[in-house]
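> prediction below, plus the sequence it came from.
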Amino acid sequence: MGALAVLSAERQMAWLHVPTKPLTTALLFWIVGWPATRIAIWVDVGIALSVIGDIALLGRGRGAFLAGLGAFLLAHLAYGAAFARVAVWSPHVAVVAVATIAATAFVLRATREGTVGMRGPTVAYGVAISAMVIAAFATLGGPLPTAPLAAGGAILFYASDASLALNKFRRPIPHAAFLTLGLYWIGQIGIALAARGRL
């Protein structure tokens, strides 16, 4: 399903892309399975918001983009809430925090000219996804056995969104769909698998 979504994005086949993109994200519910823990419940909330974001971003124009941005911002807050429940704050978290904040500042600066009129929402989104990545890495060394999947999934999701922002607001990236959608779903799979961990 994901391959069809990427291919249809590359070939600009809207008739195929419109159903396959949100359906691919919805399949993540199957990976999580029955939400037997609070972490899984929060991850399911994040997946649901991601599906809403996917649908919104299928539209055109500023309104559709801001709606999608808002849905994904809330998804990152949900994922962050899931990870914060099993976070262990240690020196490596501070290192990740500094690196993530620096990367976010770079992306926001690089896309500044293209986000005129939307800088408030894009900065808020940058803060939310950065917090999610930091919380995911804070699970390492804690009680969650699937913590590496959470951290890996979060950083891939971050890389996907960074590439999407640069492609949309800085300059086009050749075959961007392979990067933006590919990393997005691989990252989301990592987060979904992390939610299966038993404490």
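Now that the structure is in, tell me what you want to look at. Remember, it's a predicted structure, so these values are computed and weren't measured experimentally.

> quick one: residue 151 from residue 21, how far?
Using CB to CB, to the nearest Å, residue 151 is found at 25 Å from residue 21. All C-beta atoms are positioned from the backbone trio N, CA, C, and that covers glycine.

> neighbour count winner among these two?
Between residue 151 and residue 21, counted using other CB atoms under 10 Å, residue 21 has the larger neighbour count: 25 against 22.

> show me what contacts that one?
By CB atoms under 8 Å, 6 or more residues apart in numbering, residue 21 lies in contact with 5, 9, 54, 58, 181.

> repeat that with 10 Å
Residues near residue 21 by CB atoms under 10 Å, 6 or more residues apart in numbering: 1-2, 4-6, 8-9, 51, 54-55, 57-58, 181, 184-185.

> average pLDDT for stretch 113-125?
For stretch 113-125, the mean pLDDT works out to 93.

> can you give me how far it is from the chain middle?
Distance of stretch 113-125 from the chain centroid (CA atoms, centre = their mean, to the nearest Å) equals 17 Å.

> tell me, what's the model's pLDDT at the residue nearest the centre of the chain?
Note on the chain: the residue nearest the mean C-alpha position is residue 157, at 4.1 Å, using CA atoms, centre = their mean. If you check residue 157, the pLDDT there is 98.

> grab the nearest non-local neighbour of it.
Distances taken as CB to CB, 6 or more residues apart in numbering put residue 187 closest to residue 157, at 3.5 Å, once the chain neighbours are dropped.

> the bottom helix or strand of this structure by mean pLDDT?
With mean pLDDT, DSSP states H and E as the measure, the helix or strand of the chain carrying the lowest mean pLDDT is helix 2-10 (a mean of 80).

> what does that helix rub up against?
Identification of contacts with helix 2-10 by CB under 10 Å, 6+ apart yields 13-25, 27, 54, 175-182, 184-186, 188-189.

> so which bits of that helix are buried?
2, 4, 5, 6, 7, 8, 9 (16 or more other CB atoms under 10 Å).

> mind listing what the closest residue to residue 169 other than its chain neighbours touches?
Excluding the flanking residues, the one nearest residue 169 by CB to CB, 6+ apart is residue 114, at 3.0 Å. Counting by CB under 10 Å, 6+ apart, residue 114 makes contact with 122, 165, 166, 168, 169, 170, 171.

> 8 Å instead?
Contact analysis of residue 114 by CB under 8 Å, 6+ apart lists 168, 169, 170.

> one more: residue 51?
22, 25, 26.

> pick the one among those residues closest to residue 96.
For the contacts of residue 51, the minimum distance to residue 96 (CB to CB) is 25.7 Å, reached by residue 25.

> since that was my last question, I'll sign off now.
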